[in-house]
Structures are given as C-alpha cells and as structure tokens.
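K.L.:
this is a predicted model, with the sequence first.
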Amino acid sequence: MIDAEDRSFVNVQILNKNKKIIDLCRTSLCTVAGFSTGVLGCTGYKGLIFFVLFHAAVSFFLLLKMGFDLSGYTASKKDGSLMGFFFEGLFGLALTFILFWTLSYALVYVY
C-alpha cells in the first residue's frame with residue numbers, strides 16, 4: 001500500500017511552462033553570446049571555447065536560481081540529473097550560436 005508521504009502530484013502544465021522558460025532563457029542568451037563572439041572577432045577554437053563557457057555559465061545560473069533542485073522544475077528521467085540538465089539542448093543551441101556568430105562576424109569584419 002502506498003503511504004501518503006510517498007505520493008507526489010505533478011502539474012504537467014506548470015512543468016511545460018517551466019521547460020519553455022528555461023529554453024527561452026538559453027536560446028535568447030545564446031543568441032546574444034553568438035553576436036558578442038562575432039563582434040569580438042573570435043574565430044576557430046576561441047569561439048567554441050566561448051560557447052562552452054557561456055553555456056556552462058547560463059546552466060549554472062539557472063540551477064542557482066532553482067536552488068539546485070530540479071525535481072520541482074523538470075519531470076523527465078533525463079532531466080533528473082545535473083549533467084542531463086547541462087547537456088539538454090546543447091546541439092540545437094550550438095547551431096543557433098554558430099548562426100549568429102557567423103552573421104555578426106560577417107557584418108562587422110567582412111562587409
């Protein structure tokens with residue numbers, strides 16, 4: 001028999017809203033980082049290092065805002081760990097970063 005203490009209720013709408021907010025924060029800040037990297041003139045591995053550091057910083061500050069407790073903000077098994085949270089959506093964000101990085105670099109240094 002299940003005890004009353006073991007029961008947990010999850011509001012799926014709120015979890016979806018939290019996920020959308022986290023994705024919006026990461027995507028918009030990744031766009032800003034891509035523009036910044038291009039304007040600074042970073043090429044090659046410097047830009048890659050900038051992206052990795054930026055993504056780690058954004059993920060860390062999101063975790064800090066959540067109090068390092070993912071259970072109230074995410075529900076899937078992959079998101080249950082801190083490493084899963086750090087690597088979530090990494091490749092999609094990398095493509096966004098590269099798009100705005102190359103765009104801003106071309107606008108500032110090529111044209």
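P.N.:
That came through, no problem.

K.L.:
could you use CA atoms for every contact and neighbour count after this?
P.N.:
Fine.

K.L.:
pull up the distance across stretch 102-111, start to finish.
P.N.:
From its first residue to its last, stretch 102-111 covers 12 Å (C-alpha to C-alpha, to the nearest Å).

K.L.:
list the buried ones in that stretch?
P.N.:
Thr102, Leu103, Ser104, Tyr105 (16 or more other C-alpha atoms under 10 Å).

K.L.:
export those residues as JSON lines, with columns for secondary structure.
P.N.:
Output for the buried residues of stretch 102-111, formatted as JSON lines (DSSP: H, G, I helix; E, B strand; the rest coil):
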{"residue": "Thr102", "secondary structure": "helix"}
{"residue": "Leu103", "secondary structure": "helix"}
{"residue": "Ser104", "secondary structure": "helix"}
{"residue": "Tyr105", "secondary structure": "helix"}
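
K.L.:
do you know the pLDDT at the spatially most central residue of the chain?
P.N.:
Centroid-nearest residue in the chain, with C-alpha atoms, centre = their mean: Arg26, separated by 3.8 Å. Per-residue pLDDT puts Arg26 at 91.

K.L.:
could you do Cys30 as well?
P.N.:
You'll see Cys30 listed with a pLDDT of 93.

K.L.:
what is the neighbour count of it?
P.N.:
Residues contacting Cys30 under the criterion other C-alpha atoms under 10 Å number 24.

K.L.:
that one - nearest residue in space that isn't next to it in sequence?
P.N.:
Phe97 (5.6 Å; C-alpha to C-alpha, 6 or more residues apart in numbering).

K.L.:
quick one: buried residues of the helix or strand of the chain with the lowest mean pLDDT?
P.N.:
Every helix and strand in the chain was compared by mean pLDDT, DSSP states H and E; the lowest is helix 82-87, with a mean of 81. By neighbour count on 16+ other C-alpha under 10 Å, the buried set for helix 82-87 is Leu82, Phe85, Phe86.
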